[in-house]
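> Provided below are the primary sequence and the corresponding predicted coordinates.
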Amino acid sequence: MVKPTKGLLSIGTIAALGVLAACGTSSTPTSSSGGATGIAGCHGTITVATDLPLTGGDATDGPFPQLAAELAVNQAIAHKLLGGCTLKYVSKDDSTVLKNGHDPAQGAANITALASDATVMGVVGPFNSSVALAEIPVASTNHLAIISPANTNPCLTAVVPVCSDPTININTASLYPGAHTYFRVIASDVQQSEIDAYIAAKVVNATKVYLIDDQEAYGRGLALLFKKYYTTTEGGTIVGQASLPGATSTFATQISLAKSEGAQAIFFGGTTGNGCGLVRRDMGSAGFNVPVLGGDGCEDTKFISDANSGANTSEAEGSYATSAPDVTKLASSATFFSQYAAAYSTKAAPYNDGTKEPYTAYGYDAMNILLQAIHATLVANGGQPLSSPQAFRDAVVAQLRNTSYDGALGHTTFDANGDTTNTGFTLYKVTSGNWVGVNTYAVDTSGKVTVKS
Amino acid sequence: MSEYKGPPAADPGALGVGTSRGGSAMLVAQSGLAPRHGRAGGILGGLGPLVRLLQGWISTYFSLLLLGMMALAIGLTGVQHGVTLMGEQIKNALVLGAIYALVAIGYTMVYGIIELINFAHGDVFTASGFYAFGFASLFHLDSLATGSFGGLILALVIVFPLSMIAAGVTGALIEFVAYRRLRDAPRLAPLITAIGVSFLIEGIMLVVEGPDNVTTHMASWINGEAFSIAGVSVGYTDLFVIGMALVLMFALGAFVRRTRLGKAMRSTAQDRTAALLCGININRTISATFFIGSALAAAAAIIYSINYGVLKWNIGFHLGIIAFTAAVLGGIGNIVGAGVGGFLIGIIYVFGGSLFGGEWSEALIFAVLVLILTFRPVGLFGVEVTTRA
Amino acid sequence: MALLELAHVSKRFGGLLAVSDVSFNLDRGEILSMIGPNGAGKTTAFNCVTGLFPITSGSITLDGEPISGLPPHRITKLGIARTFQNIRLFAFMTAVDNVMVGAHWWMKERVWDGAFRTGRARREERSVEQRALELLDLLGLSRYAGSYAREMPYGLQRRLEIARALATQPRLLLLDEPAAGLNTQEKKELMQLIARLRDEGLTILLIEHDMRLVMEVSHRIVVLDHGEKIAEGSPADVRTNPRVIEAYLGTGASNEMQSA
């Protein structure tokens, strides 16, 4: 039983706390294609939007890609990327007080509202796969392109064995009543869990793993995929499995079981908000010291503070998590991060530093890819918007399929499902109280994991 | 005189346990959430004599059935995974149960005296955890407690009374502001008010403390190392949690049984008018009940904080609902029942999770709640009151 | 001066005037009985005196001090105690605890003392317990000191309620139908008890339907009917008062009164 309707009262206070504020126009010109002469005579208004969780429990995640996307828009405006057309930007928050963070119902409502505006040609978002499940059908019906900077649930785009698991139960085909308008610039959990399974077997050297998930689509999916690849590809054994709600305050029962079964590692499919760090803390009090391995939901500072909140204040040390590649280390991202820092120098910490969150650059590239597609659509139509909004949206989606973009993340193209071909996950390890990148791994279509440069 | 200390003639407890003590810690005369159900609830009524017979049988032996199933679960864990795991899970159950028990007592006391399910109680728990965190930072208790054993004792001696008083004042204030003038209103009015107060407190904590887990650093007060008793790893913190909870519960039991205020609380719960005419100040007694219940929640929150190291603005709601179930299990209004109920809920949570998987822990707890309300609304230790002729 | 004085007391519940302009005095050491048919307003008058119901008009004074408007627990402390028509004991407390609750208000213990069980608290607790046991002894209930109130025989529950009332150290004791449900032997014992309390100087206001008992123990009788006082006087006066007989006509009570 998860908490029913709670916290309605504080809607006002949350809104007051909201970190979102329109930021001033940033200048910072960069060398770019420059305004195409063909579209200088473009007239009309074209709107792009973001839909990300900005408040509540997600206030430490969503604002980064949102600010990055907004930066991309401001740069496009400065460079007159759409020529004479007015480029507008709308930011939507899919958090609610009710959920203390991302709320699928709010996300769907946001997309419905955006789709009803005929000038909206694409949306960057959402952040969470559970929100995507609610948004994709709306976007599909309305021919509206959405590009996620962070959705990793594989069932959003393709049918993989775990999709039919009763706790996940995603019918991929039913998500697209209309056109396939969904894209993502991040690799899915299939690749992540293949890499996680490899790491559990080959880096942690565990032959027995205890599995915990947080009952959410992301966490549960990651855990089941991990189980599949760890037992088949890597030949390991899952000695136990538990599925616990996000409000769980102690994992002592599960830790005792894992210990009794001789687990050599614990894999947590879920987020720190749902207890990833607390698992590590409870292992300390149970005197059970094997590594914790998690996905990108565990790789944040909350994991470290939660894990260290118990009697042992350095319990987090040695924990592993895979996450989006450490884009801060990519040569291609250096310019972006310095532009971000310059544009948002007046923001309160940590929002003034784009490197504080793994998805910042994804938000930037996703918006730029959308803007490039709109630009290409305009150019192909003689520099003018298509007269029918629906035809315009369809044309933008078609341009997105042909994306070949070099941005902060490197080279991005999309496959037939709208998934990026630019895969790769970085393994992080807690060292001296910080997540430190160890290696970046890539997996090819045959499931072979290799260390990327 | 000689008979005075002797046990009462008949046994008010359903199990034959905690009779004299259970009875004298009883804060309520009417029993259970559904006092009008003299017998088992009528859900299955009218389905024939066999069903009624079965229902009556389950109702009569409910306590034994429940305890039997728990014993079976514990035994099964031992058989399946070995005695070591069984022992360790018993320890986990006791630690969890100790906290549920202390919170459950607050629910049961308030229900006993004004028949209100005080939904704000779980949030008073969380708020008092933050009070304790505040006092610890204010007086730099972290370094004191981790310095030496004497320092730890001193820190506890400082933080417990201060937080308990602050929480007690909070609880009494909530009663004064939100519930007092609704005392004679229909039951639904104070109930909804209680939910409103719960939202209010949670909202304030969300704004002040933020949406994430807050590390209180109190977990480092006690040496976190675990030692082994017959293969079962037991930490000093575990001993502290269980020991402290038992001490507090026995202290409360003695307080309610023996002191003037305790007697005033019991008599007010059992017959407010008669208590009034015995010269008892009802308002003050009810305030005191909220004070004591909230103070115990504060103690529970400190223990929680020392054991788990983190607090979050909304943990109290969830924990509170489970603790409330413990209070109903023990027989709402019955202090000893709430204490025992807390530990039983701990056992159900841990062994249910251990045997069937963690996803079943809470489902089992609320299944038990439904069963109690159906078959034995007065709880394990409640007394069925037959309407007097 | 009268110990208790009711002057033009009225109590209205919506459209119903339950007590209408009732006045009477009660002297120290006196036993005054209030009689009347069911619904005459006797118990309502009790509730007004003990502060459970605020009166609509009039005044009630105890020893010259107005008490109407005071909360019930304050009135108890001023020296008025009562029992109830339908017994209201603390069912889940022992007999001795029941009496101790009555005795508690005059203890000096503070919360502080209780919480830490100071020497004073312990001493006072013991003295109160001593006094409670004496009261139980006085009423012949020693045997049941450790029993739960709800497990005691009915007749003894009535007596325990009187013991609890006495524990508050009242100057005035209000007994609401103390003989109801008692057998002949128990009634006889009750009569003896009331006489004994009177002999010790306690003032008693009694509601009772048992006319034999009323006529035997009362100094004076007040008769209520439909909320109004219709007669007041010695048992002999009241017995022959035509208005009283009229009020009771048809109930068979007049015969009973005559024969009593």
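Looks like it arrived, so ask away.

> strands paired with the helix or strand hosting residue C:223, and their directions?
Take DSSP states H and E as the rule and residue C:223 turns out to sit in strand C:220-225. When pairing is defined by DSSP bridges, strand C:220-225 lines up against strand C:31-35 (parallel), strand C:228-233 (antiparallel).

> So which of those is the most surrounded?
Highest mean neighbour count among the strands paired with strand C:220-225 (mean count of other CB atoms under 10 Å in any protein chain shown): strand C:31-35, with a mean of 24. Every residue, glycine included, has its C-beta placed from N, CA and C.

> do the next helix or strand after that strand and chain B meet at all?
Sequence order places helix C:42-49 as the next helix or strand after strand C:31-35, per DSSP H and E. No: if you take CB under 8 Å from any CB of the partner chain as the test, helix C:42-49 misses chain B, and the best it gets is 9.4 Å.

> helices and strands around helix C:42-49, which ones?
strand C:4-13, strand C:16-26, strand C:31-35, strand C:172-176, strand C:203-207 (3 or more CB pairs under 8 Å, 6 or more residues apart in numbering or on different chains; DSSP states H and E).

> Turn these into JSON lines, including mean pLDDT.
Conversion of the helices and strands packed on helix C:42-49 to JSON lines gives the following (pLDDT from 0 to 100):
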{"stretch": "strand C:4-13", "mean pLDDT": "93"}
{"stretch": "strand C:16-26", "mean pLDDT": "92"}
{"stretch": "strand C:31-35", "mean pLDDT": "93"}
{"stretch": "strand C:172-176", "mean pLDDT": "94"}
{"stretch": "strand C:203-207", "mean pLDDT": "94"}
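
> Distance from stretch B:100-113 to the middle of the chain?
5 Å (CA atoms, centre = their mean, to the nearest Å).

> likewise stretch B:211-218?
Relative to the chain's own centre, stretch B:211-218 is displaced by 23 Å; criterion: CA atoms, centre = their mean.

> which element is residue C:75 on?
Per DSSP H and E: helix C:72-78 holds residue C:75.

> Okay, now the unreliable bits of the stretch 151-260 of chain C?
Along the stretch 151-260 of chain C, the model assigns pLDDT under 70 to residues C:249-260.

> Flag every residue of it that's near chain B.
With CB under 8 Å from any CB as the criterion, the stretch 151-260 of chain C meets chain B at residues C:151, C:164, C:167, C:168.

> The second one: neighbour count?
For residue C:164, the tally of surrounding residues (other CB atoms under 10 Å in any protein chain shown) stands at 30.

> cool, and the third one?
By the other CB under 10 Å criterion, the neighbourhood of residue C:167 contains 26 residues.

> pretty sure it contacts residue C:96?
No: contact criterion CB atoms under 8 Å: residue C:167 and residue C:96 do not qualify, at 10.3 Å.

> Now for these two: what residues contact both?
Common contacts of residue C:167 and residue C:96, defined by CB atoms under 8 Å, 6 or more residues apart in numbering or on different chains, comprise residue C:132.

> Stretch B:250-267: which residues count as buried?
Across stretch B:250-267, burial judged by 16 or more other CB atoms under 10 Å in any protein chain shown covers B:252-253, B:255-267.

> coming back round to it: now go through the residues of the stretch 151-260 of chain C next to chain B and say which are in helices.
Counting by DSSP state H, those place C:164, C:167 in helices.

> Show me the domain layout of chain C.
Taking automatic domain parsing as the reference, chain C has its domains at C:1-79+C:170-260, C:91-167.

> Can you say which of these is packed in most?
Stretch with highest mean neighbour count among the domains of chain C: domain C:91-167 (a mean of 20; mean count of other CB under 10 Å).

> sorry, back to before: mind exporting the C-alpha coordinates of the strand holding residue C:223 to PDB?
The C-alpha coordinates for strand C:220-225 follow below in PDB (Å, rounded to 0.1, in the frame of the first residue of the first chain):
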ATOM      1  CA  ARG C 220     -37.800  16.300  54.000                       C
ATOM      2  CA  ILE C 221     -39.100  15.500  50.600                       C
ATOM      3  CA  VAL C 222     -39.400  17.600  47.500                       C
ATOM      4  CA  VAL C 223     -41.900  16.400  44.800                       C
ATOM      5  CA  LEU C 224     -41.300  17.200  41.200                       C
ATOM      6  CA  ASP C 225     -43.800  16.700  38.300                       C
END
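
> Now tell me what touches it from outside.
Defining contact as CB under 8 Å, 6+ apart, one finds that strand C:220-225 is touched by C:19, C:22, C:24, C:30, C:32-37, C:40-42, C:45, C:214, C:229-235, C:238, C:241, C:243-244, C:247.

> returning to what we had before: distance to residue C:174 added to the strands paired with strand C:220-225, as TSV?
Listed next are these as TSV, based on distance: least, CB to CB, whole Å:
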stretch	distance to residue C:174
strand C:31-35	9
strand C:228-233	17
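
> Can you redo the residues of the stretch 151-260 of chain C next to chain B as CSV, where the extra columns are distance to chain A?
Formatted as CSV, these follow (distance: CB to the nearest CB, whole Å):
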residue, distance to chain A
C:151, 40
C:164, 45
C:167, 48
C:168, 46
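
> Turn the residues of the stretch 151-260 of chain C next to chain B into a markdown table, including distance to residue A:367.
Listed next are these as a markdown table, based on distance: CB to CB, whole Å:
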| residue | distance to residue A:367 |
| --- | --- |
| C:151 | 79 |
| C:164 | 80 |
| C:167 | 82 |
| C:168 | 80 |
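
> Show me which pair in the residues of the stretch 151-260 of chain C next to chain B is furthest apart.
Farthest pair in those (CB to CB) is C:151 and C:168. Separation: 23.8 Å.

> Please enumerate the helices of the stretch 101-250 of chain C.
Taking DSSP state H, counting those that start in this stretch to define them, one finds helices in the stretch 101-250 of chain C at C:111-116, C:119-138, C:154-167, C:184-199, C:211-217, C:235-240, C:242-248.

> so which of those comes closest to residue A:395?
Shortest distance between residue A:395 and the helices of the stretch 101-250 of chain C, using CB to CB, is found for helix C:111-116: 78.1 Å.

> can you tell me how far the closest residue to residue B:195 other than its chain neighbours sits from residue B:174?
Spatial nearest neighbour of residue B:195, excluding adjacent residues (CB to CB, 6 or more residues apart in numbering or on different chains): residue B:119 at 4.9 Å. Distance, residue B:119 to residue B:174, using CB to CB, to the nearest Å: 11 Å.

> Between those two, which contacts overlap?
residue B:197.

> Which ones among the buried residues of stretch B:250-267 lie within helices?
If you go by DSSP H, those have B:252-253, B:255-258, B:260-267 in helices.

> and of those, the nearest to residue B:95?
Using CB to CB, the shortest approach to residue B:95 within those belongs to residue B:252, at 19.4 Å.

> got a list of what the closest one touches?
B:105, B:292, B:296, B:335.

> for the record, mean pLDDT for stretch B:155-175?
Computed over stretch B:155-175, the mean pLDDT rounds to 96.

> what's next to that stretch, contact-wise?
Under CB under 8 Å, 6+ apart, the answer for stretch B:155-175 is B:106, B:120-121, B:124, B:127-128, B:131-132, B:135-136, B:139, B:141, B:144-145, B:197, B:221, B:286-288, B:290-299, B:301-302.

> Any of the residues you listed buried? List them.
With neighbours counted by 16+ other CB under 10 Å, those contain buried members at B:106, B:120-121, B:124, B:127-128, B:131-132, B:135-136, B:141, B:144-145, B:197, B:221, B:286-288, B:290-299, B:301-302.

> Those residues also near chain A: which ones?
Okay, of the buried ones among the contacts of stretch B:155-175, nothing touches chain A (CB under 8 Å from any CB).

> now the residue nearest to residue C:231 when sequence neighbours are not counted: how far from chain B?
In space, and not counting its chain neighbours, residue C:231 is closest to residue C:223: 4.2 Å by CB to CB, 6+ apart. Applying CB to the nearest CB, to the nearest Å, the value for residue C:223 to chain B is 25 Å.

> who's residue C:223 bridged to?
Residues in a beta bridge with residue C:223, per DSSP bridges, are residue C:35, residue C:231.
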